[in-house]
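Chemist: mind looking at a prediction? Sequence and model below.
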Amino acid sequence: MLTAGILNSNVLVDPVPGARFNYLPAPESLLATCRRMAEVCARYGVSLRAAALQFGLRDRRVAAVVLGAGVPDLITDSVEQLRVPIPEDCWSELERLVPDPAELPD
């Protein structure tokens, strides 16, 4: 299985007002959750982007992550983010923050 669309319109890169989720403005409740995730990552010295790119690979059924290929520098950075070590304690905290898919906007 592959996983794609990981950054979901970049809400998991920079969850600021006006950030998008599923191509629409993200609701404040989702932005707040993403900001809490970013804070957790920062405490462990990793970026939210690195955690988002690696999250799907924690599922044994996922064989690969499909990365966006907009510009060469972004591809290089994405590969680097996939190599960032993320402590298990960080993952534990992040997993508690993952929203229930049924509660996400369409």
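Modeler: Sure thing, it's come through. Numbers count the residues shown, from 1 in each chain.
Chemist: show the pLDDT at Pro99.
Modeler: In the prediction, the pLDDT value recorded for Pro99 is 88.
Chemist: so what's it closest to, chain neighbours aside?
Modeler: Spatial nearest neighbour of Pro99, excluding adjacent residues (C-beta to C-beta, 6 or more residues apart in numbering): Thr33 at 5.9 Å. Heads up, the C-betas are built off the backbone N, CA and C, glycines and all.
Chemist: show me where this structure has its strands.
Modeler: Counting by DSSP state E, the chain has these strands, from start to end: 2-3, 20-21, 24-25, 64-65.
Chemist: who touches the first one?
Modeler: I take that to be strand 2-3. 56-57, 59, 62-66 (C-beta atoms under 8 Å, 6 or more residues apart in numbering).
Chemist: switch the cut-off to 7 Å
Modeler: Under the contact criterion C-beta atoms under 7 Å, 6 or more residues apart in numbering, strand 2-3 has outside partners 56, 62-66.
Chemist: buried subset of the residues you listed?
Modeler: Buried by 16 or more other C-beta atoms under 10 Å: 56, 65, out of the contacts of strand 2-3.
Chemist: of all the contacts of strand 2-3, which comes closest to Asp100?
Modeler: Proximity of these to Asp100 (C-beta to C-beta) peaks at Gly56, which lies at 17.2 Å.
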